Each structure stands twice: as structure tokens, then as C-alpha cells.
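**Q** Predicted coordinates and the sequence they were generated for:
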Protein chains: 2
Amino acid sequence: MIYLDHNATTPIRPEVLDAMLPFLQEQYGNPSSVYALGQASRRALEEARAETARLIGAASPDEIVFTSCGSESDVFAVMGAAYEAFESSGGVKNQIITTSIEHEAIISCARLLKRRGFETLFLPVDGQAAVSAGAVEEALSERTALVSVMHANNEVGTIQAVEPMARRCRERGVLFHTDAVQSVGKIPVNVEKMGVSLLSLSGHKLNAPKGVGALYVRRGARLQPLITGNYEKFRRGGTLNVASIVGLGAACRLIRTEGERHAQEWARMRERLVEGILAEVPDSHLSGDPVNCLPNTVHFCLEGIDGHNLVVALDMKGAAVSSGAACSSGAAEPSHVLKAMGISSDWVRGALRISLGWGNQPQEIEAFLKMLPPAVDKLRAANRISR
Amino acid sequence: MIYLDHNATTPIRPEVLDAMLPFLQEQYGNPSSVYALGQASRRALEEARAETARLIGAASPDEIVFTSCGSESDVFAVMGAAYEAFESSGGVKNQIITTSIEHEAIISCARLLKRRGFETLFLPVDGQAAVSAGAVEEALSERTALVSVMHANNEVGTIQAVEPMARRCRERGVLFHTDAVQSVGKIPVNVEKMGVSLLSLSGHKLNAPKGVGALYVRRGARLQPLITGNYEKFRRGGTLNVASIVGLGAACRLIRTEGERHAQEWARMRERLVEGILAEVPDSHLSGDPVNCLPNTVHFCLEGIDGHNLVVALDMKGAAVSSGAACSSGAAEPSHVLKAMGISSDWVRGALRISLGWGNQPQEIEAFLKMLPPAVDKLRAANRISR
């Protein structure tokens, strides 16, 4: 099978699984236990914390809070910062600013805060899914508790200029969060350079297991816990998921040494894909920012087809791609990202996302480029007949 | 090593790891993806959901929401029910009733709700850690959003009579939650018999991996999500942790077939431990309810020693036990459970928890009973000299 849906999830790399296995077997101690078996888990955990901090350029491992996934990191950041700012300001700070192209975790959590009396602003994007730093600045007020803008979009791959946004927030004393679930492991991510207060990342998007993530919390940034409890310096309860955290650490280490090389390989394959699809599939439109985009993500709108049917057709031919975010692909609703970009609903229906990752080879791209045009032709022909 | 701290965490059973491994390797599909690789994950996930539902006697697998741990299940239940009841009652229901011996997740989350304007009652317990159903009934009012009483205590093992409490709540239209993290897998747990609305369980307490748990949500019981998002019928976001959930399902299946036999074996070893310690360690006091208690948990207060030092001494001799809940063993604070039971602080310092589990053998108990008395003697002698 040709797996081209790495933005949905990635396989665990064998080196990562090897690092995890002892902690799924004989090294089962609770890292909070005082005896040797527990302390062995604790040491491995703290090494993984240091590796994670190092990858994203955090000043200290203490700034890493382990979570169960990117969504938890996102909701923890937004809810935690909102309630903390609201309380510590005596109810003055009751506004959240985010964008209309965020991941479902942020969108749904902002909506929940709205139900609970917070004001939530969803900033618009342009036709290439870019948020303007000026719009963020204009929206800021003394009532703003938090600004959350994703680093790279999961569907179209557009990378946001978070640096100037974070700087303006910092000048105003407002926390700035970025959902970097899709960017960590694909492009350089450095929290100091970016100047963010909070940053979410997820294990299963970077060849670590599902069920583990992290939130970077800059020293001094205050937020209420989401899963309350005694661990992680009172920032997160629940027995720490040692094996998966060790896996996350191992994956971070691999990215630090190999990430740049992989990204270059993906970028070359991405270029070939874009060129091949534009040449071989008529009425195909590349989405997102052609320059400021993830090196692994290709998104097209193909006129006159249903993306879901194309995914099924390509699956039968042996290729896994998607027609949108996995988190909404069960739903029949059209992509909120493409809608926010102003793409007509006719084109949105024919969305095709191809996302490259560890293990993909140029010959797979060539094989995929041979599969795609006849599959599109067949679906278009069927559509014409059924009309 | 003789591992006698199964209430802190348990090893993953080999059968459970075997069931998980394919999903840590080639079966890495996102269960929300439409192609075959994703759908294979989905099927495994739904089988695990059915196994989990079956173990606790849920009427439907739909009543199981997968979470990342017991703490998440607890906080999800309490926060979710509190906010939902508050909102749907137009602000009338603003009270949470719980007990003074709950797990840290519940205690800390009730405190957070208090900071946010909810009223929280912590019901007292008697000297054996039992909560009275009458006290629950008396505390109920038209302002009560939720009652949360743990099924079995993690430190002393006392089992609560949740059935009459749940019945009274049901009669008053109030949701009843029980934290069954320590009881599932050790005693029969049946949500229909118990009559609970919400029940938390955790994978790593029953020989499944760390990083997975579940919340039983009775059909019709409404609560707001904690980790917002599209999955689990909008009750929990975050890509589902397929491998660990499959592990939870496998562990539930094993408990369904072998659980009773194991519990009987533990009960016999428990009896031998109690008898042996009372006979060989002077000034030792059994804590908790001697009848209504978990078959695997033994808790003693040993006069004139520091429990932490005893844990360290026994670790050097090759046995892993604990002096309290793992989640607070980093903290120097005395156990809130023992304090709530009215045990004097002198005794509380000398707390010793021994918790049996899968794999423990009678000869390990005999070996432990040979280790313990000299270790206690030595610590007591050292204490006497240093005074």
C-alpha cells in the first residue's frame, strides 16, 4: 500500500517502538513510586522531556507538560489560559481570539467557552489560508485573555507568520498559543524564535504512538489545569504514560538529527506531485499558499468529483489519501478550512489531500501519479452519466 | 523482585501486549479514515468498546467513552456533569457532593469548581473509611448537580455501598458518579446493578497499558465534553489511541473469564498477610473495613516508623510496596484518606500499603513476611537512638 495520509496519522518508527518496548514489559513501574522500579520509569520520562524540549528549543524541560494528544494540549491551552486570565483579572479578560481555520479541538473549545459567557472571535483568512498579523493586532483589547493561531494548517498546509503575531501579543501582555501539531517534525519549530507562550504538539503526527502529546508552557505563563491532579507540577493529573512518552522522546531525537533531510526529500516529492497533477488532471486547482506551506502537504480541489468517492477508489487501487481532516472525515460536512478560504462549494466537494511522510519513496509518487488520472476520469464520467 | 504495589500500577499482561502489537506496527491507520487501513483500526476499537461494556454490564457499547486515564474520566465526569447541570437548570444546580477520601483527581477538580463559583461538599467518613448513604441523602438538594463517591478506596481498600446512594440520587434526578478505578478487575462491577449514571475505570490498574481509560456514561446522562472535539459522538476529541484501547479490551476480556479466580487467590494471600503482620509486627494496626474491602489490598499503620523509609528499606530487600497513593507519594503530606478516617498523625506517618495482583504467588507472600519484621525493627531501633 502507498500511504500518503501522514497528516492523519503516521506509523511508529521501529526505533521508536524499540525504545518503548521495555516500558510495555518489565519496566512497568509508576514513575511516582519511590522504589527503584518506579524511579527507572521516572528517569526515562525526564530524558524524554529533555528531548522534547530540545527539539522545539524550549529554555527548560520544565516547560514541557505531557498530555494524551494534540487535542488535549489545545484544549488545555485555550481553556486553561481563558479561565486563569478571567479569574486573575477579576473578570475583565473574557475574550478569546482565534481563527476560522483552526483544528476542531480549538474551534469546539472556543465554542464551549462562548456558551460559558466568553467572547470568541474567529479571524478570517485570505484565499491561501493566511491570517494577517495586522488583523490579530486590531482585534487585541484589554479584554483579550488569549490568542490562538495554528502554526501550519492540517488540510492545505499553509504556514502562518506567527512570529509577528506573538510579538504583538507579548507587547500587550497577552498569552499567544500556537497549535503546531502539523508543523513539528516537518519544518523547524523554535519556541524562542517564534516567541510563543504556549505550543501544542502530538506524538502520532511525528512517528511516535497515538495517545501522547505535549504542551509547551513558557515559564511564567499561567494556566489552570484541564485534567486536574498532582502530577506535572500540578499542571496535569493521571499516571504518566511512560512508554508512549519515551516513544515521543525517541521520535523527537530522530527528528533533530534526520528531520531536515526528510523534509527536503518530501519537498522534492511534493513538487513532482504538484507538477504531475496539474499536467495530468484537468480542472485541478492547487489549494493553500504555494510558498509558505508544509513540505509534505499537497492539497487540490478537483472539479466535478466527490472527494470521498475518490478516496475510496484510490484505496481499491492501493493508495491511502484523504479528502479532508481525519477528524471530520466521518462527517458529511464540507471542510470549514476551504470554506473560510472562500473556495466555492463545488470545488470543496472535490478536495484531495496528499500528505507525505517517513518511508515514502519517489517511485511511490510515480505509481500514484499513474493511478490518479484514470480514477478521476472514471468518477467524472460516472457523474456525467448520472446527471 | 516481589511486586506488591498493584494499586499504583500493574504490568501489562503478555496476552494484552500481543493484542496491542499489530496496532503499534503495521495496523497504524487512523480509525476515522475511510480507507481499509483506517477501518481495520475502527473495527478493533469497536470490539474493545464492546468488551469493556460487557465487563461492567453496560446496556450498550455506546455508553463507553474512551479517555486517556482514570483521572481524565473522573474530571470529565465531574466537570462535565457540573457545567451541564448548571447550564440546563439556568444556574440553579451549582452544587457538587463528594467525599473526603476521593482520589486526587476528584478532590482537585471539586476544588477548581469551587474557585469557579460552585458549592462543593466533602462528606466525612467513619473510622473504616465508609461513607453513609444517609449522609448522601441528607446532603442532596434541588441545587445538586452531581454526587461522586468512589467505589473502592485506593489506599485502604474500603468498598462503599454505592447502590443505595445511586438509588437515592436517581429518585431525585441527580447524576451519580463512581470512581471505580480500583474496583474494576478486583471485584464484580455492574453498572446496572449499582445503578450509577457515570463510572470511571483505568487501563493500567488492570494489566492494560498506562494512558488509557474509559468513562461509562449511561444513555440519557448529559455532560459537557472535557477534551472537546468530533470523536466519541462529540464526547471526546483527539485521535483514538487504538493500540492501548485494544489492550484495554483484551484485559477486560481476561478479567471476565479469569477475574473471579484471581480475586480468590488474592483474598487468600491477603488473609495470610494480615495474619502474619499482626502476629510478627508489634504495634501494627489494620486500616479500613476488614469485611467490605478489596481482596487485594492490605493497609497497616505501624507505630514508630516512617512509611517512606520502610518503602525504601523493603526496596533494597527486593520488595515493592507503598506508603500511600502513588499520586501523592512525591509529596511529604500525610494521607488525606487516613486523616479523614480520624487516624492520629503519629500512626499515619507509618502507613504501609500492600496491594496484590496478577502474577503474585503465595511463596512471595511468605518471603515478604520474613523481610518485613526485621526491617520494621531496624527502623524503630534507629528512631529510638536518634531521639
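**A** Looks like it arrived, so ask away.

**Q** how about the nearest residue to A:Leu226, chain neighbours excluded?
**A** Sequence neighbours aside, A:Phe76 is the residue nearest to A:Leu226 in space, at 4.1 Å (criterion: CB to CB, 6 or more residues apart in numbering or on different chains). All C-beta atoms are positioned from the backbone trio N, CA, C, and that covers glycine.

**Q** Only C-alpha atoms, please: export the helix or strand that neighbour falls within in PDB.
**A** Element membership for A:Phe76 (DSSP states H and E) is helix A:70-88. What follows is helix A:70-88, C-alpha atoms only, in PDB (Å, rounded to 0.1, in the frame of the first residue of the first chain):
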ATOM      1  CA  GLY A  70      -2.700  17.300  20.400                       C
ATOM      2  CA  SER A  71      -6.400  18.000  21.100                       C
ATOM      3  CA  GLU A  72      -5.800  17.800  24.800                       C
ATOM      4  CA  SER A  73      -2.900  20.200  24.500                       C
ATOM      5  CA  ASP A  74      -5.000  22.600  22.500                       C
ATOM      6  CA  VAL A  75      -8.000  22.500  24.900                       C
ATOM      7  CA  PHE A  76      -5.700  22.700  27.900                       C
ATOM      8  CA  ALA A  77      -4.000  25.800  26.500                       C
ATOM      9  CA  VAL A  78      -7.200  27.600  25.500                       C
ATOM     10  CA  MET A  79      -9.400  26.700  28.500                       C
ATOM     11  CA  GLY A  80      -6.600  26.900  31.000                       C
ATOM     12  CA  ALA A  81      -5.500  30.400  29.800                       C
ATOM     13  CA  ALA A  82      -9.000  31.700  29.400                       C
ATOM     14  CA  TYR A  83     -10.100  30.800  32.900                       C
ATOM     15  CA  GLU A  84      -6.800  31.800  34.500                       C
ATOM     16  CA  ALA A  85      -6.900  35.200  32.800                       C
ATOM     17  CA  PHE A  86     -10.600  35.700  33.600                       C
ATOM     18  CA  GLU A  87     -10.100  34.900  37.300                       C
ATOM     19  CA  SER A  88      -6.800  36.800  37.800                       C
END
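
**Q** Could you figure out how far the helix or strand following it is turned away from helix A:70-88?
**A** The helix or strand immediately downstream of helix A:70-88 is strand A:95-99, counting by DSSP H and E. Here strand A:95-99 points in a direction 150 degrees away from that of helix A:70-88 (axes from the mean of the first three to the mean of the last three CA atoms, to 10 degrees).

**Q** Spit out the contact partners of the residue of the stretch 51-200 of chain A found nearest chain B.
**A** Residue of the stretch 51-200 of chain A nearest chain B, by CB to the nearest CB: A:Ser68 (3.2 Å). By CB atoms under 8 Å, 6 or more residues apart in numbering or on different chains, the residues touching A:Ser68 are A:211-213, A:238, A:241, B:67-69, B:72, B:211, B:227, B:238, B:241.

**Q** Can you list which of these are found in strands?
**A** Here DSSP state E is the test, and the contacts of A:Ser68 give A:Gly213, B:Thr67 as lying in strands.

**Q** and the helix holding A:Phe76, average pLDDT?
**A** Across helix A:70-88, pLDDT averages out at 98.

**Q** Which strands or helices does that helix pack on?
**A** With contacts taken as 3 or more CB pairs under 8 Å, 6 or more residues apart in numbering or on different chains; DSSP states H and E, helix A:70-88 sits against strand A:64-67, strand A:95-99, helix A:104-115, strand A:144-148, strand A:175-179, strand A:198-202, strand A:213-217.

**Q** Which helix or strand contains A:Ser244?
**A** Per DSSP H and E, A:Ser244 falls inside helix A:242-280.

**Q** Return the set of buried residues in that helix.
**A** Within helix A:242-280, the residues that qualify as buried by neighbour count (16 or more other CB atoms under 10 Å in any protein chain shown) are A:242-255, A:259, A:262-263, A:265-267, A:269-270, A:272-274, A:276-277.
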